[in-house]
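> Fold the following, please.
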Amino acid sequence: MRHRSNEKVVYLRPKKKSSKLPILIIALSLIAIIAFSFYRVLFFNVYVVTNGEISESFATEGVIIKNEVPVLSPANGKLQLLVKSGERVRVGTPLFIVTTDEKQKEHVQREINEIEEKIRTLEDSADSSSLSLSLVNKSIESTTQKLKEATESGEFDKIKLLQDELSRLTQEKQKLLESNETNINLLKGQLNEIKEELSKIDIVVYAPEAGIVSLNIDGLEELLVPDRAKEITHAQLSAAVDGIGKIGVPKEVTMNQPVLKIIDNFSWYVAFKPEKDLKEGRDYYIKIGNDDKIKARLDSINKDGIGFFSIKKDLDSLLDSRKIDIEVLMTTRSGCMIPKDALFYNDGQKGVYVLERGGKSFKPVEMVFEDEDIIIVNGLKQGDKILLNKRGFHELFKAKYTTGNKQN
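Next up, the predicted model:
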C-alpha cells in the first residue's frame with residue numbers, strides 16, 4: 001500500500017545567462033581599437049633627428065661668358081672637319097680643311113699619285129741594282145788585294161793594269177750610286193712643288209689656341225668677351241641672349257665665316273641680376289640646373305646692377321651652353337634638422353616631445369634657422385626620436401599628458 005508524502009514538489013527554473021560577458025568583450029574590443037589607434041598614431045608620427053644643412057638662396061637666370069676664340073674660314077669652299085666637339089686640342093692642331101676647287105684638287109692629286117708611284121719604283125729598282133753594286137764592291141776589294149800583292153812581289157808589269165782596273169771599277173760604282181739617287185731626288189722635288197700647289201687648293205686651318213673645340217656658334221662670341229662684357233647693361237644682355245641662335249656646321253663656307261671656336265673652359269664667368277644684396281670679392285656657392293654646387297667668386301657688380309661670378313672649374317657639360325638657370329646660395333647653416341610639424345608649444349615655449357625610456361617628455365629647443373619645411377635647432381642630438389604634430393595628434397597627446405600631470 002502506497003503512502004503519499006506531504007512534501008512539496010518544487011520545479012526549478014533554468015538560470016538566466018549572465019549579460020556581463022558581451023559587455024566585457026565589447027569593452028576589450030574598444031580598448032584594443034583605441035590602443036591600436038594610439039599605437040598607429042604614435043608609430044607613424046615619429047621622426048628621427050638627423051644632421052644636415054639649410055641654405056638661404058635665390059634663383060635667377062644667368063648668361064655664361066667664356067674666353068672663346070672663333071676660328072674663321074680662310075676662303076670660300078667645301079668644309080671638312082678634322083676634330084669633334086668637346087675635343088681638347090693644342091696650339092697647331094689641324095682643325096678643318098677648306099677645299100676651294102674640287103676639280104683642280106682631283107687633277108693635282110692624280111699628279112701626286114703618279115710621282116709617288118715613280119719614286120716607289122725607283123726605290124725598288126735600287127734594291128735590285130744593289131746586286132750589281134755588291135759585285136762591283138767585291139771586284140774593287142779583289143783588285144785592291146791583287147795590286148797590293150803585285151807591289152810587294154815587284155811585278156811592275158801587272159801594277160799598271162791593276163791600277164787602271166781599280167779606277168774603272170770606282171767610276172762604275174759612282175755611276176750606280178748617282179743614277180737612282182738623282183732621279184729620286186728630282187721626283188721628290190717635283191712632288192713637293194705639287195703638294196705646295198695642293199695646299200693652296202686644300203687649305204688646312206690649325207688651332208691658334210689650346211682649349212676645347214665647340215661647334216656651337218651662337219653669334220655672341222665677339223660681344224660676350226670677359227673684359228668688355230663687364231660694362232654691358234641689363235637691357236643689352238637680355239636683348240643679346242633673347243636673340244641667341246645656334247648655327248649648325250655647314251658643308252660649304254665663305255671667307256671669314258666662323259666654323260668653330262676654341263674655348264678655355266677652365267676660367268669662365270656667369271653674368272646675372274642679383275635678387276638680394278651680395279658682396280663683391282666674396283665666395284659663394286651656386287647650383288646650375290640639377291648639378292652639384294660649385295664655388296664662385298663675385299668678381300664685380302657693374303653700375304647697371306649686373307653681377308659677374310668668376311668660376312675656375314672645368315665644366316664640360318656647359319660647353320655649348322649660354323643661358324642657364326642658377327641658384328645662388330647666400331647662407332648655409334648646419335645642425336640638427338627637424339620638420340616644422342614636429343614643433344609644439346607648451347606654456348608659451350617652443351619645443352618637441354622626445355621619446356625615451358618608454359616615456360615622452362617635452363623638451364624646449366632653440367630655433368637657429370628655417371626654410372619652408374625644415375628647422376635647424378639647438379637642444380637635440382642626432383638620433384633623437386621625436387613626435388610629429390599631425391592633425392588631431394597634438395590634442396590627443398596633450399590631453400593624455402595633461403591628465404597624467406593632474407594625477408600626479
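
> does residue 160 sit in a helix, a strand or a coil?
Following DSSP: H, G, I helix; E, B strand; the rest coil, residue 160 is assigned to helix.

> Count the neighbours of it for me.
Residues near residue 160, counting by other Cβ atoms under 10 Å, number 10. Every C-beta, even on glycine, is put in place using the N, C-alpha and C of the backbone.

> Please name the residues that touch it.
By Cβ atoms under 8 Å, 6 or more residues apart in numbering, the contact set of residue 160 is empty.

> Can you list the low-confidence ranges for the chain?
1-22, 32-44, 125-133, 175-180, 243-247, 265, 390-408 (pLDDT under 70).

> Can you name the element that comes right after the lengthiest strand in the chain?
Criterion DSSP state E: the longest strand present in the chain is strand 50-72. Next along the chain after strand 50-72, taking DSSP states H and E as the criterion, comes strand 77-81.

> Against which helices or strands is that next one packed?
Contacts defined by 3 or more Cβ pairs under 8 Å, 6 or more residues apart in numbering; DSSP states H and E place strand 77-81 against strand 94-99, strand 252-253.

> Please name the strands paired to the longest strand of the chain in the sheet, noting orientation.
As defined by DSSP bridges, the strand partners of strand 50-72 come to strand 258-272 (antiparallel), strand 323-339 (antiparallel).

> Deepest-packed of those, please.
Using mean count of other Cβ atoms under 10 Å, the stretch among the strands paired with strand 50-72 with the largest mean neighbour count is strand 258-272, at a mean of 20.

> how far is it from where the chain is centred?
Distance, stretch centre to chain centre, for strand 258-272: 15 Å (Cα atoms, centre = their mean, to the nearest Å).

> on that earlier part again, got CSV for the strands paired with strand 50-72, with distance to residue 298 too?
What follows is these, written out as CSV (distance: least, Cβ to Cβ, whole Å):
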stretch, distance to residue 298
strand 258-272, 10
strand 323-339, 9
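
> Tally up the residues packed near residue 358, please.
For residue 358, the count of nearby residues is 5 (other Cβ under 10 Å).

> Quick check: residue 351 is in a strand.
Yes: Residue 351: assigned to a strand according to three-state DSSP.

> can you give me the helices for this protein?
In the chain, helices defined by DSSP state H lie at 20-43, 102-128, 130-153, 156-201, 226-229, 234-242, 393-407, listed in chain order.

> buried stuff in the third one?
What it means is helix 130-153. Of the residues in helix 130-153, 136, 139, 140, 143, 146, 147, 150 count as buried by neighbour count, 16 or more other Cβ atoms under 10 Å.

> With just CA atoms, put that helix into CSV.
The C-alpha trace of helix 130-153 is given here as CSV (Å, rounded to 0.1, in the frame of the first residue of the first chain):
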residue,chain,number,x,y,z
SER,A,130,122.2,46.5,-105.2
LEU,A,131,123.4,43.2,-106.6
SER,A,132,125.4,44.9,-109.3
LEU,A,133,126.8,47.3,-106.7
SER,A,134,127.8,44.4,-104.5
LEU,A,135,129.6,42.7,-107.3
VAL,A,136,131.4,46.0,-108.1
ASN,A,137,132.4,46.3,-104.4
LYS,A,138,133.8,42.7,-104.4
SER,A,139,135.7,43.4,-107.6
ILE,A,140,137.2,46.5,-106.1
GLU,A,141,138.3,44.6,-103.0
SER,A,142,139.8,41.8,-105.1
THR,A,143,141.6,44.2,-107.4
THR,A,144,142.9,46.1,-104.4
GLN,A,145,144.3,42.9,-102.9
LYS,A,146,146.0,41.9,-106.2
LEU,A,147,147.5,45.4,-106.6
LYS,A,148,149.0,45.0,-103.1
GLU,A,149,150.4,41.6,-103.8
ALA,A,150,151.9,42.7,-107.2
THR,A,151,153.5,45.7,-105.5
GLU,A,152,155.1,43.5,-102.8
SER,A,153,156.4,41.0,-105.2
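
> just to revisit the earlier point, output the longest strand of the chain as CSV - backbone C-alpha positions only.
Extracted C-alpha coordinates of strand 50-72, given in CSV (Å, rounded to 0.1, in the frame of the first residue of the first chain):
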residue,chain,number,x,y,z
THR,A,50,69.3,64.0,-38.4
ASN,A,51,72.2,66.4,-39.0
GLY,A,52,72.0,68.4,-42.2
GLU,A,53,72.2,71.9,-43.7
ILE,A,54,69.8,74.6,-44.9
SER,A,55,70.8,77.2,-47.4
GLU,A,56,69.3,80.7,-47.9
SER,A,57,69.2,81.2,-51.6
PHE,A,58,67.5,82.8,-54.6
ALA,A,59,67.0,81.6,-58.2
THR,A,60,67.7,83.6,-61.3
GLU,A,61,68.8,83.4,-64.9
GLY,A,62,72.5,83.6,-65.8
VAL,A,63,74.5,84.0,-69.0
ILE,A,64,77.8,82.2,-69.5
ILE,A,65,80.7,84.3,-70.7
LYS,A,66,83.8,82.4,-71.7
ASN,A,67,87.2,83.0,-73.2
GLU,A,68,86.4,81.7,-76.7
VAL,A,69,88.3,82.2,-79.9
PRO,A,70,86.3,81.8,-83.2
VAL,A,71,88.2,80.2,-86.0
LEU,A,72,87.3,81.6,-89.4
